[in-house]
Structures are given as structure tokens and as C-alpha cells.
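Chemist: coordinates only, sequence not included:
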């Protein structure tokens, strides 16, 4: 009897060991398949460099760098290469606010003006009723205001002062339009409550406890050559472009990190904010951050929905959300000029993936998320890279067609009403800033907000086509010079309808 029991026990042990080994091999096989998939897909999408981290069952199981930091060099990407987190920073800002909520220093439904009495929006009612939670869920009624920081030189305080001039795009809390500036407002509230700038607070409360020693709150703090350079496809070829920064709206998108560090952040957030020596926030606060807050319309969600076909699309506190194969998926992208990121988590499976890239809006990031979900957790063999590449190629083609249709038909054999010197001068708009126009090499050269440069090429009559010095700014735009009754220029009007008044 004892011999039989012993043999049975040995048999059970052998079976269990074989099962464990098989499961281990399955993970290794999945990693190898995914590794190969990334390398092939990068060629299809023309991405110079990427960095990827995966957490499975609360354990970091994969981090790796791919390709080069800068095209035309042999500077390899590794797991310590700095990439921009861009808008995936927002989840960190939400945790910072949750820490203050846990400490009893603020409540999610407190009015913002309780802490920032000087902050004003166009609508006095919204100014008065805007709550702390509203800063995180893109429901304020204020449309996109990225023009206040992108290609601009305004300080964070100057940006916030301009918000009172922005007319609402929809009624308060009635819908969803993505809004970066309100995360800057949240950062200012954090600063007021903590007594330290957001950049120091996020380091103290998140980076230091998690030992994210290779992560910076501001891109201007990076002093390491091991940094990915941004790239853009210009005239069909991938080219290096100038580095962009979100430092003026830092709480919305300025963090710079690497695969090794971001894996620690991802691991912490999957496990209800736990880390080796404690937790960042209370379990109920973690659950609150992931609770759906706003319904996201089809127009405001990602085009990936046309292939993943979610039943719901929502936004939590700095997380987009959808269902995938019966599970709730929390994720967020990050995009700056020439740089991409995505952080995706399947909480029920304690699985997460983070992808960095250095090619502008290369949506391979989405493909890798869904491929990883299938390969490591949910099953399936769809070639998401191929499908998303076809989808986004179609979208880009349609965008080019729309641009072509919206381009006014050029009237031949016309000339400007005045000599070019008459169009030169200083033009201002209270909200959008100023444009200085001079004559350079026989053309009208402009500098907008001391940052965005280019020339106005004559199109017809007093309409000029905008040509930017930075060729990756390929948006088709036109400017019309308005004349007063006395024949002098009094304003320029963009094809968007925005007017800049000539002041000198």
C-alpha cells in the first residue's frame, strides 16, 4: 500500500513537473513568436526603433529594444533607451491626484476653483462647477486647444490664462472631446496641495518608490545620449525630425522613460498599485481610476474599432476602455511629433503591454497590443499588423482625397493686389498669438509665435499657400489677406476662419 502511494506520488510529481515545464515552454514559445512578429512588422511599418515591455501574472516577463534610435546610425535601441511616454503620462497624474485624495487633502467632486480661484473658462457656470474629476475625463465642453502649447512659446501659466478665451465646442458634461490642457490644470492643483511642482511630486510619489531611476518627469531633464530621436515619413521616406516636447503641459504628456522602468510602473498598476514595499493608493482609489466615467463617441475613439468591434467604448481616469473577447481592456496611447507609445492592460488576466516607438503615428503599436493579447492570454492568430496597416493606409488615402477636394481650384494668371512689401508686418490674435511677416528671397516669410516658420507662396489674387520650413508639417493651408477700403492690408484670415489683425 505504501509502495503504491509512493509510486502514485512520484507519478503525480512527474506529471506536475511536466505540466509546469510545458507551461514554461509555452511562455517561452509565445515570447519567441512575439519577438519575431515585432521584427517583421517593424519592416512593414518602416519603424526605425521600438522598445517593448510585457507583464504577465504580475511578473515582468519580457523587455527588449529593437532597431535604432536614429535612422542612418548604428545607435541601437536597448531597454534603457529613453522614449517619450507622451499622453500615457496622464495615468501617472491621475495617481498623483488619487494619493492626495487618499490623504484627505482633496475630493474628486471638489470644485477646481476651491484650489485655483484665478482659473477661468469662457462660460462662468462651467468655471464655477468644474470638478476635480472633470479635469481627467475630457467632458468639459471645451474642444481641442493644443494650439496653445504645440508650436507655441507660452508658459504653463500663460496657457491657463488663455483658456477663458476659448468658446465651448459642446455643452458641459454632454459628450467627449480629448483635452490636454485640463491635465495641466490638474497638475497645478497637485502643486497647490503638495507644495511642490508636479514634476517633483510625480518623482517623489511614483518614480522613487517604484525605483524608476531611469525616468524623467520632463523631457528637458534628459542628459543621456541613449535617447530615441523622432522620425516622420516625408515624401514616402522616413526621416529624422526635430525633437518635440510637452514640457509646457507636463502633467498631460512630458514623462520620458524606458522599457525597464515602464515595466515597473505597468506591474504596479496591474496589481492595484502595489509594489515591493507598499502601495501607491488605496484599493478603492485604484478601482475608481479604472471605473468608466465618460462614454466615448465613435468619432472620438480609435479607428481600430472598425476591426476589433467593441461593444462599449468609455474613458476612465486617464484610460480609454473597450471590451475585447469578453474582457475589459484599459489602454492609452501617447503621441508627440515623431514619437509614439501605448500602455494596455487586461486587469482580469493581470496582463499588460507597453510599446514605445520613434515614428510618427505608426499604429503598429495597436497591432502589437492585440497580437500580444491573443498570443499570451486569449488565443487567436489574426495578423493584426497586416490588418491595421491596411486600415490606416486606407484612412490616410481618404484624408489625402479630402485634402484634394478641399483645396480651392487655382485661378490662373492672377497676381496679388499689392506689392509684397505691403503684406509684411505684425499680425495678432488674442487667443492664437501673433505672426510676423517679412520679405525673404523675394517671398513672404512668416514666423508664428516665434516658433513655427515658413513662407506664403502666391496662389491666386490675395490668397497664399502656406509652406512650412519643417516639411513634416504637411497640412494643406491657405491664408487670405484682407484689404481695407483704402487698399491697405488690415488682416490675414486662415482657411479655418481664424483672423489675425495687422497692428504694424
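Modeler: Arrived safely. Keep in mind that what you see is a predicted model, and the values were worked out from it rather than measured. Numbering: from 1, shown residues only.

Chemist: switch to C-alpha atoms for all contacts and neighbour counts from now on
Modeler: OK.

Chemist: which SS state does residue 169 fall under?
Modeler: The assignment at residue 169 comes out as coil when based on DSSP: H, G, I helix; E, B strand; the rest coil.

Chemist: And it, how close does it get to residue 123?
Modeler: Using C-alpha to C-alpha, to the nearest Å, residue 169 is found at 11 Å from residue 123.

Chemist: For those two, indicate the residue with more neighbours.
Modeler: Between residue 169 and residue 123, counting by other C-alpha atoms under 10 Å, residue 123 is the more crowded of the two (16 against 12).

Chemist: what's stretch 177-184 in contact with?
Modeler: For stretch 177-184, the external contacting residues (C-alpha atoms under 8 Å, 6 or more residues apart in numbering) are 90, 93, 135-136, 138-139, 141-146, 156, 160, 249-252, 300.

Chemist: can you check stretch 437-450 too?
Modeler: Outside stretch 437-450, the residues that touch it by C-alpha under 8 Å, 6+ apart are 151-153, 420-421, 423-426, 433-436, 453-457.

Chemist: Walk me through the domains of this protein.
Modeler: The chain is divided into the following domains under automatic domain parsing: 20-401, 420-502.

Chemist: isn't residue 156 right next to residue 252, touching?
Modeler: No. Using C-alpha atoms under 8 Å, residue 156 makes no contact with residue 252, being 11.5 Å away.

Chemist: between the two, who's got more neighbours?
Modeler: residue 252 (31 against 18).

Chemist: who's in contact with the more buried one?
Modeler: Residue 252 makes contacts with 86, 87, 89, 90, 93, 180, 181, 183, 184, 246, as judged by C-alpha under 8 Å, 6+ apart.

Chemist: Distance to residue 223 added to those, as CSV?
Modeler: Below are the contacts of residue 252 laid out as CSV (distance: C-alpha to C-alpha, whole Å):
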residue, distance to residue 223
86, 18
87, 22
89, 20
90, 23
93, 23
180, 26
181, 27
183, 26
184, 24
246, 17
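
Chemist: so where do the helices sit in the stretch 51-200 of the chain?
Modeler: Along the stretch 51-200 of the chain, the stretches classed as helices by DSSP state H, counting those that start in this stretch are 90-102, 124-129, 156-162, 181-194, 198-202.

Chemist: now the longest one against helix 90-102, angle please.
Modeler: Think helix 181-194. 40 degrees (axes from the mean of the first three to the mean of the last three C-alpha atoms, to 10 degrees).

Chemist: from here on, count from 15
Modeler: Got it, first residue is 15 now, which makes that one helix 195-208.

Chemist: gap between helix 195-208 and the chain center?
Modeler: Distance of helix 195-208 from its chain centroid, counting by C-alpha atoms, centre = their mean, to the nearest Å, is 19 Å.

Chemist: Report the buried residues of it.
Modeler: Of the residues in helix 195-208, 195, 196, 197, 198, 199, 200, 201, 202, 203, 204, 205, 208 count as buried by neighbour count, 16 or more other C-alpha atoms under 10 Å.

Chemist: picking that back up, would you mind checking the contacts of stretch 191-198 for buried ones?
Modeler: Applying 16+ other C-alpha under 10 Å to the contacts of stretch 191-198, the neighbour count classes 104, 107, 149-150, 152-153, 155-159, 170, 174, 263-266 as buried.

Chemist: Could you list the low-pLDDT ranges of the stretch 415-518 of the chain?
Modeler: The stretch 415-518 of the chain contains residues with pLDDT under 70 at 488.

Chemist: Quick one, which of the domains of the chain gets closest to residue 423.
Modeler: For these, proximity to residue 423 was assessed by C-alpha to C-alpha; domain 434-516 is nearest, at 9.5 Å.

Chemist: can you give me the end-to-end distance of the closest one?
Modeler: Taking C-alpha to C-alpha, the first and last residues of domain 434-516 lie 15 Å apart.

Chemist: What backbone torsions are found at residue 219?
Modeler: When read as degrees, to the nearest 10, the backbone of residue 219 gives phi -90, psi -20.
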